[in-house]
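**Q** any chance you could fold what I've pasted below:
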Amino acid sequence: MFLRTTLVALLGLFAGAAIALDDPQTPLSDPMQSGMWDYHQKGLLGDPADIRFDDRVVLRAPASAEDSLNVPLLVDATAIPDVKRIVVSADYGPIPHILTYYPDQADAKLSLRFKIDQATAIRASVETHSGAWHVGSIYIDAAGGGCTAPAHAYANDDWEEKLGEVHGRLWSAAGRARLIVDHPMDTGLADGIPVFIIQDLSLQRDDGTQLARLELAEPVNEDPAFTFYFAKGALPASVKVVGRDNNGNRIRGVLSEGDLN
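**A** Residues are numbered from 1 along each chain as shown. Take a look at the predicted model:
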């Protein structure tokens, strides 16, 4: 009787473990096997108690970065309910934090470009309003040097005149907004060039209601470009772009249907 009871208990444990391994809510070991993740988790996320790797957080990027100054990345966390913010980071970047995205009225999905300094795991850490974190990962190979190169803007005499100019377009019916801002986005790692970056950028309705917001860090690419995603029909006919850089320069613009100036 004792052996039968013990066997039944063990089978129950194994079955429970098998279910847990298939459950995306279950914490698992780092799929990237990175030596820096634990350190950055504490620095970027505050070492939260409720955190797990989750395949529902999807990252799309090239396997190898052809241009270390402009690496395209799509982060899609729409399968996670009730998203509060998304922290994008590079494990082996000299400045690990790339940006933080607050979707607000947008979908938990963002396209961006960033600078890469060497082969590294890229993370999208998604926090819900309950305080739980869900982490998606992807590995990008790279020759490197993107974070230490000076901006191309300085080769043009009129770069200051274009500083902060906003370009883009809305596809309201499709629920998509494309945004580009003229800015050198200096990391401070190139000799003799201090940090000069856009820090805050948001999309707003005409009445000032916030649709989505970004906090940018040094690895975001020069002339940063983003695509925001919304439910179909959720975008108004025009959207205000509001932001500032670390030198106090204000960014103001309007996105409309058909514009891409």
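
**Q** tell me which element the residue nearest the centre of the chain is part of?
**A** Nearest residue to the geometric centre of the chain (Cα atoms, centre = their mean): V88, 3.8 Å. Element membership for V88, per DSSP states H and E: strand 83-90.

**Q** how many other residues sit next to the nearest residue to I251 once chain neighbours are set aside?
**A** Among residues not flanking I251 along the chain, G243 sits closest, at 3.7 Å (Cβ to Cβ, 6 or more residues apart in numbering). For glycine as for every other residue, the C-beta is placed from the backbone atoms N, C-alpha and C. Look at G243: counted by other Cβ atoms under 10 Å, it has 24 neighbours.

**Q** ditto for G258
**A** For G258, using other Cβ under 10 Å, the count is 7.

**Q** what sits against it?
**A** Neighbouring residues of G258 by Cβ atoms under 8 Å, 6 or more residues apart in numbering: R169.

**Q** helices of the stretch 151-261 of the chain, start to end?
**A** Assigned by DSSP state H, counting those that start in this stretch, the helices in the stretch 151-261 of the chain fall at 159-162.

**Q** what stretches of it score poorly on pLDDT?
**A** Counting by pLDDT under 70, the stretch 151-261 of the chain contains low-confidence ranges at 259-261.

**Q** now do the strand holding V88: everything it contacts.
**A** 40, 44-45, 73, 75, 77, 96-103, 108, 110, 112, 114, 116-117, 120-129, 219.

**Q** now the residue nearest to the centre of the chain: closest residue in space that isn't a chain neighbour?
**A** Closest residue to V88 apart from its sequence neighbours, by Cβ to Cβ, 6+ apart: I98 at 4.4 Å.

**Q** where's the one you found, which helix or strand?
**A** strand 97-102.

**Q** given that strand, what are its sheet partners and their directions?
**A** Counting by DSSP bridges, the strands paired with strand 97-102 are strand 83-90 (antiparallel), strand 210-216 (antiparallel).

**Q** in it, which residues are buried?
**A** 97-102 (16 or more other Cβ atoms under 10 Å).

**Q** tell me the one of the residues you listed nearest H152?
**A** Among these, I98 lies closest to H152 (Cβ to Cβ), at 19.5 Å.

**Q** from M185, how far off is that closest one?
**A** 11 Å (Cβ to Cβ, to the nearest Å).

**Q** need the winner for burial among the strands paired with strand 97-102.
**A** strand 83-90 (a mean of 23; mean count of other Cβ atoms under 10 Å).

**Q** off-centre distance for that one?
**A** With Cα atoms, centre = their mean, to the nearest Å as the basis, strand 83-90 stands 5 Å off its chain's centre.

**Q** let me see the mean pLDDT of that strand.
**A** For strand 83-90, mean pLDDT is 98.

**Q** would you turn the buried residues of strand 97-102 into CSV with pLDDT and distance to L255?
**A** As requested, those are exported to CSV (pLDDT from 0 to 100; distance: Cβ to Cβ, whole Å):
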residue, pLDDT, distance to L255
H97, 98, 26
I98, 98, 23
L99, 98, 19
T100, 98, 21
Y101, 98, 17
Y102, 98, 18
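
**Q** could you dump the residues you listed to a markdown table with distance to G145?
**A** Listed next are those as a markdown table, based on distance: Cβ to Cβ, whole Å:
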| residue | distance to G145 |
| --- | --- |
| H97 | 19 |
| I98 | 17 |
| L99 | 20 |
| T100 | 25 |
| Y101 | 26 |
| Y102 | 31 |
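
**Q** R178: which of these is nearest?
**A** Nearest to R178, judged by Cβ to Cβ, of the buried residues of strand 97-102 is Y101 at 15.5 Å.

**Q** in contact with that closest one, which residues are there?
**A** Shown in contact with Y101 (Cβ under 8 Å, 6+ apart): 75, 85-86, 88, 110, 212-214.

**Q** ok, now how distant is the residue lying closest to it once chain neighbours are set aside from D182?
**A** Nearest non-adjacent residue to Y101, counting by Cβ to Cβ, 6+ apart: I86, 4.4 Å away. Going from I86 to D182 by Cβ to Cβ gives 25 Å.
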